[in-house]
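Engineer: fold the following, please.
(one chain, ligands or ions: 1)
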Amino acid sequence: MTLPELNRMFSSDERCRELLKKLRWPLGVECLRCKSNKVCELATQKKFQCMECNYQFSVLTQTIFHDTHLPLETWFMAVLLLIEARKGISANQVKRTLGISYKTAWYLNHRIRAAMKISNQPMLAGKVEMDETYLGGKQHTYSKAGFGDSNKEIVIGIRQRSGELRFFHAQDVKSGTLAKYIKENISEDVDVIFTDELNSYPGAMKETGNKDRHKTIKHKAKIYVDGDTHTNTVESAFSLLKRGLIGTWHKLSAKHLHAYLTEMEFRFNRRNHEEIFIETLRYMVTADPLTYANLITEKDPEFDKVPA
Ligand SMILES: [Zn+2]
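Structural biologist: Got it, this is the predicted structure:
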């Protein structure tokens, strides 16, 4: 999808709604309350009414678009900007490009990101690399920091070679925490897991039954590739993330880091998908609403899952 194509295909509210309707209800409109298919269209009000329970709703009700005052054409353009920006796009840039307020652009970006959070993703298998990196502190000093550096945020990356990537904002890099991410994301019949020599990996591998499938690259000894033992593919994803953070997001608040990671992961895993624009809209029209109040008071959902 290019900007001229977008302008041609989705030049009006009606056209945008027509697409969202097809994506939300591929088998025909269904009442949100009683699931009945006996629904009539109140075209002038851009609504549907259920003939069984009389409930009125629109294609936007109870989705990421819920209660929006922005034109759908603006939403569609914002989606295109977000999915086309390999390193991400700041709220300030969206504000300037779409001619909307900063607050609106910020909230808009976050709602699109919220729809990019996919539950029940497939487990990673085959050859998998796992690595950790540290973000924050002073700008341009995104180097690996020491254990327990409280000024920095920890990101765990797991990537299947020739496959998908997962990013997590982690509370720490203790064995138990790493084991949790392994259990939740790496298949039990994985062939091999490559990591660096961080001393909590052996415990995590033992705990998850992967002791004999664990290969370590000795970065401290300045060895970066040893046969097929390396963590270069997950590190290349980290470097894209860091360039995005330095170049576009600047001051990133730790409580929203998980949302930026979700966006990076979503786009990275779909970088060769022709249909990423439509796919993103499909997630948006099937995702739950994210209110502004919830967004500004949210806690990092990853942190709630980690045992203290
Ligand atoms: Zn109904």
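Engineer: was I right about residue 113 contacting residue 259?
Structural biologist: Yes: counting by C-beta atoms under 8 Å, residue 113 does reach residue 259; the two are 4.6 Å apart. The C-beta positions use only the backbone N, C-alpha and C, and glycine is treated the same way.
Engineer: where does the one residue sitting closest to the centre of the chain fall, helix, sheet strand or coil?
Structural biologist: Most central residue of the chain, judged by C-alpha distance to the mean C-alpha position with C-alpha atoms, centre = their mean, is residue 262 at 2.0 Å. Following DSSP: H, G, I helix; E, B strand; the rest coil, the label given to residue 262 is helix.
Engineer: for it, give me its contacts.
Structural biologist: 113, 116, 117, 167 (C-beta atoms under 8 Å, 6 or more residues apart in numbering).
Engineer: kindly report the same for residue 15.
Structural biologist: By C-beta under 8 Å, 6+ apart, the contact set of residue 15 is residue 9.
Engineer: quick check, distance from the host helix or strand of it to the centre of its chain.
Structural biologist: Element membership of residue 15, judged by DSSP states H and E, is helix 13-24. With C-alpha atoms, centre = their mean, to the nearest Å as the basis, helix 13-24 stands 23 Å off its chain's centre.
Engineer: use 488 as the first number from now on
Structural biologist: OK, 488 is where the count begins now, so the last one is helix 500-511.
Engineer: next SSE after it?
Structural biologist: Per DSSP H and E, the first helix or strand lying C-terminal to helix 500-511 is strand 526-529.
Engineer: note down every partner strand of that following strand and its orientation.
Structural biologist: strand 534-537 (antiparallel) (DSSP bridges).
Engineer: for the strand it pairs with, list every residue counted as buried.
Structural biologist: Buried positions in strand 534-537, judged by neighbour count with 16 or more other C-beta atoms under 10 Å: 535, 536, 537.
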